[in-house]
Each structure stands twice: as structure tokens, then as C-alpha cells.
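[1] what shape does this take:
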Amino acid sequence: MPRPASDERPESPPADPVEAPPPRPMRILLVSQMYPGPTAPDLGTFVAALERELEARGHDVARAVVDRRGGRSRHAGLALDVLRTARSFRPDVVYAHFLVPAGLIAAIAGRAPLVVTAHGQDVENARSNRAVREATRFTIRRAQGVVAVSSWLRGRLVDVVPDAAAKTEVIDCGVDLERFAPADRDSARTELGWGADGTAFLCVGSLSERKNVLRLARAFEQREEGTLVFAGDGPLRPALEGRPGIRVVGPVAHDRVPLLIAGSDVLCQPSLMEPFGLATLEAMACARSVVATQVGGPPELVGAGAGVLVDPENERAIAAALDTAALLPRPNLAAWAAAQGHDVRLQAERVESLLARAVQDQRA
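    As a prediction, this is how the structure comes out:
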């Protein structure tokens, strides 16, 4: 199929009419064990994005967060921060990200009604560790509302904590459709210093076993052309560097990710498990084809024509998916259309409604 001459942004569909006025402004205490910081600008960017949208909707948000990687005292520091901030800020509602430890800390330290979001690893920890499972049960009992970022993750959570079923809603992290939008590929490649020729594959995330980066690299090496760029860092970085056709650019600030996606043709996220798939969704919003895992949330995002879903343990299937995705339209308007229903503003509105219900229930 021929590639369109440019990557101009498609015309957006008209917005749905607003059916009800927004809730009155709330004082929201945001608690998270992951948040962007000076030394980790890519940490918990999805938390910061939802925070910005809640503030844009008129709410007063104070935060108690961990904005760095590592450090044995970071969770103890978070607990003290929650206590201090809750005492001085007097929130109407506490909005926590991750069931344990952040949600548990919020459940113990905060007196306001609690809403907590499960993101994936917290649920897996509860499934494999009895102590974490009991802490998770306590957090869910204490919470007025629970959010899972995909239906797949909700099922995993309910399987390990059946009491979660009655209070868990599916609200994904969303994507900023203004920042992640179709852009000209060749201009982006010039700015990045990439060559203009050949298919560019991109993988954004930690260079770890769970992200399946070595299988992806071996699958790519079966191709005769193209480049595979890894944007991230992790324990498997030395095993990726120096391979023919593969470039490791290291960790990248989130505000630079749209440029990397614009310069690529296919975003690859064949993780062994991906509870949501933020990088996949961001690439789709940029009208780029994707190769994504079958395990987790991506099947709920990747519609027909948007990309290829693969068995992450099948290296031949990943190699075939790279070939197939490379032949999909550029820009990929099916991918772009599928991303439109996941606007972070829409997701923030849904979170806002859940927080408002928690406040109302507490008052009742």
C-alpha cells in the first residue's frame, strides 16, 4: 500500500456534548510511589498527566510522592509526607496510585475517603506474596473506589481479592492527544539525526526481561533492512548495545518521546506482560503502527489495522509481526482513530466523577 506524502494531522471528530456540570472543586491529595523528578523524568508520567488534567478542571491538588528510583527509605519518607500533607492540606479525598505501598500508606495515614488505582505490578505482587496480598485486601476494604487500568488487570485483581469486584472500575491512564499527534516523519528524523531511508522500529521502556527486549532484538536481526532504536535503560542494556542495526539511546524524558515516535514507523512493545500499554497507545495517537503483546491490556487498545498482536514468547511470531507492521499504511489512520477514545482529558473526567462520588458517599 503506498505511503501518503505527508503525516499531516487528521481532522478530529466533533466532541460529544457535555451532559452534566462538573463536580464542585475538590481538595485532592495525590499519593504515588512513582512521579517524575529531576533524576527520573520518565518515572510515573501517567500520574503527572492525570494530575494536570484534574487541576485544569478546577481542583486543588497537593501531592505526596516519590520522584526518584531506589533508596531504602523512600517509602518511609512517603509515609511521613502523606501524614504531614494530609494534616496541613485537609483534603476532601485521597487519590493514590498503586495498591501497595502507596495505597496502603494512604489507607493508614489519610482520614479522607480513598480512591486507589492499580497499575499492574502491584497486583502481581499481591498474587505472589501473602503479606502483600493481605495489605492489598486491607487497602481495598478501606477504599471507596478502586481503578484498574485495563479489564485484563481488573480480572487479575478480582481473582486474588474477590472483594474488589464490587468497587473496581476500568479507567485507563489515557494519552495526551495534543502532545501525541501525527507529525512529519522525515522532519523528525532530520532533527533526531537519523537516516532518512529504511524502516525505523522503536521500543520505549525499561531494558528488562519483562519488556522482552532480547527476543525483540533477535527477531529484528532476522530482517535484512531497517533500524531498531531502544529508548530506555536497564539491566539488559549491555546485551543490546553493539548489535548490527540496533541503536540504544538511553533514558529519554517523556516530553521527547513524541519526537522519537514521529521519527519511527513502528512502535514495538512485545512485553511478556503489559497491564496497560502506554507506549503502544502513544504511538497509535501519533498514527504509527504497533507490534504489541497479546498478554495484558494491549488487545483492548489495538483494533483492526492498527498493528499486530503477538505471543511474546514466540520469537518467530515477533519477527513476522515486524514484517507485517512495516507494510501497514504510513501514517496509520486506523491506529490514530483507535486512540481517540483514550484521551487523557476523558479519563480525568471519569476519575473526577469517581472521586466526587467517594466524597459524597463519605458525607452521606
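
[2] if I look at residue 342, how far off is residue 215?
    27 Å (Cβ to Cβ, to the nearest Å). For every residue, glycine as well, the C-beta is placed using N, CA and C.

[3] got it, and residue 266?
    From residue 266 over to residue 215 (counting by Cβ to Cβ), the distance is 16 Å.

[4] these two: which is more packed in?
    For residue 266 and residue 215, the more surrounded residue by other Cβ atoms under 10 Å is residue 266, and the numbers stand at 27 against 20.

[5] distance of the more buried one from residue 307?
    8 Å.

[6] kindly report the same for residue 142.
    In terms of Cβ to Cβ, residue 142 sits 39 Å off from residue 307.

[7] got the CA coordinates for stretch 72-81 in PDB?
    Provided in PDB are the C-alpha atoms of stretch 72-81 (Å, rounded to 0.1, in the frame of the first residue of the first chain):
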ATOM      1  CA  ARG A  72      15.600   2.100  51.100                       C
ATOM      2  CA  SER A  73      14.000   4.900  52.900                       C
ATOM      3  CA  ARG A  74      11.800   6.200  50.100                       C
ATOM      4  CA  HIS A  75       8.600   4.500  51.200                       C
ATOM      5  CA  ALA A  76       9.100   5.600  54.900                       C
ATOM      6  CA  GLY A  77       9.600   9.100  53.600                       C
ATOM      7  CA  LEU A  78       6.400   8.800  51.600                       C
ATOM      8  CA  ALA A  79       4.500   7.800  54.700                       C
ATOM      9  CA  LEU A  80       5.800  10.800  56.600                       C
ATOM     10  CA  ASP A  81       5.000  13.100  53.600                       C
END
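
[8] all strands in the stretch 1-150 of the chain, in order from the N-terminus.
    Using DSSP state E, counting those that start in this stretch, the strands of the stretch 1-150 of the chain run over residues 27-32, 60-65, 93-97, 114-118, 145-148.

[9] so which of those is nearest residue 131?
    strand 114-118 (17.3 Å; Cβ to Cβ).

[10] one step back: can you put the strands of the stretch 1-150 of the chain in CSV and add mean pLDDT?
    Converted to CSV, the strands of the stretch 1-150 of the chain look like this (pLDDT from 0 to 100):
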stretch, mean pLDDT
strand 27-32, 98
strand 60-65, 98
strand 93-97, 98
strand 114-118, 98
strand 145-148, 98
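
[11] could these be laid out in CSV, adding distance to residue 227 and mean neighbour count?
    Formatted as CSV, the strands of the stretch 1-150 of the chain follow (distance: least, Cβ to Cβ, whole Å; neighbours: other Cβ atoms under 10 Å):
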stretch, distance to residue 227, mean neighbour count
strand 27-32, 35, 25
strand 60-65, 36, 19
strand 93-97, 35, 28
strand 114-118, 36, 27
strand 145-148, 36, 25
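
[12] redo those strands as CSV? Include distance to residue 288.
    What follows is those, written out as CSV (distance: least, Cβ to Cβ, whole Å):
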stretch, distance to residue 288
strand 27-32, 28
strand 60-65, 31
strand 93-97, 27
strand 114-118, 27
strand 145-148, 26
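
[13] can you list the low-confidence ranges for this protein?
    1-21, 364 (pLDDT under 70).

[14] and the helix or strand harbouring residue 358, what's buried?
    Using DSSP states H and E, residue 358 maps to helix 344-363. Within helix 344-363, the residues that count as buried by 16 or more other Cβ atoms under 10 Å are 344-349, 351-359.

[15] now swap in stretch 92-111 and tell me
    92-107, 109-110.

[16] which SSE is residue 188 in?
    Assigned by DSSP H and E, residue 188 falls in helix 185-192.

[17] give me the neighbour count for residue 129.
    For residue 129, using other Cβ under 10 Å, the count is 13.

[18] phi, psi for it please.
    phi -130, psi 120 (degrees, to the nearest 10).

[19] follow-up on the earlier one: contacts for the helix holding residue 188?
    7, 195, 196, 200, 259, 260, 262, 263, 264, 265, 330 (Cβ atoms under 8 Å, 6 or more residues apart in numbering).

[20] got a quick ChimeraX command for the buried subset of the residues you listed?
    Remark: buried members of the contacts of helix 185-192, expressed as a ChimeraX selection using 16+ other Cβ under 10 Å:
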select :7,200,259,260,262,263,264,265,330
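
[21] show me where the stretch 201-350 of the chain has strands.
    So, for the stretch 201-350 of the chain - with DSSP E, counting those that start in this stretch - the strands run 227-231, 246-248, 266-269, 289-293, 307-310.

[22] off-centre distance for the second one?
    Once both centres are worked out by Cα atoms, centre = their mean, to the nearest Å, strand 246-248 turns out to sit 23 Å from its chain's centre.
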